[in-house]
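Trainee: Kindly return the folded structure for what I paste below:
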Amino acid sequence: MARKATDTIKLQLRLPERLRRRLEKAAETQERSMNSEIVGRLEASFRAEDWEAKLEAAADRALQKLRPTQRAEAAAAFRAGEEAAKQDAREEEGKQ
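Mentor: Below you'll find the model as predicted:
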């Protein structure tokens, strides 16, 4: 029998103890269960992906309205900002 999108399923999960502790601490801070914390974080990550895709599409549409020289400059600036953000994320991940 096929599951409905609204069904709740039980899922066993393996994760590093360090991550489990972080989730537990976050759940306590938010005053919610570990399950609610994990589900909330997963939903937020998918919303962020959706938002990023919409933002990229809007940026592409805006770039198409620019002259070719302006377009190249804007695209280069965007890529530089994107790389800086990735580097920041890598450095933050290294601190943990």
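
Trainee: Could you give the separation of the strand or helix carrying residue 76 from the chain centroid?
Mentor: For residue 76, the host element (DSSP states H and E) is helix 68-95. Offset of helix 68-95 from its chain centre (Cα atoms, centre = their mean, to the nearest Å): 16 Å.

Trainee: and after the helix or strand containing residue 21, which helix or strand comes next?
Mentor: Assigned by DSSP H and E, residue 21 belongs to helix 17-30. Per DSSP H and E, the first helix or strand lying C-terminal to helix 17-30 is helix 34-64.

Trainee: Any buried residues in that following helix, and which?
Mentor: Buried residues in helix 34-64, counted by 16 or more other Cβ atoms under 10 Å: 37-38. Where you see a C-beta, it was placed from the backbone N, CA and C, and this is true even at glycine.

Trainee: could you give the angle of it to helix 68-95?
Mentor: If you take axes from the mean of the first three to the mean of the last three Cα atoms, to 10 degrees, helix 34-64 sits at 160 degrees to helix 68-95.

Trainee: avg pLDDT for helix 34-64?
Mentor: Averaged across helix 34-64, pLDDT comes to 91.

Trainee: packing partners for that helix?
Mentor: Where contact means 3 or more Cβ pairs under 8 Å, 6 or more residues apart in numbering; DSSP states H and E, helix 34-64 is packed against helix 17-30, helix 68-95.
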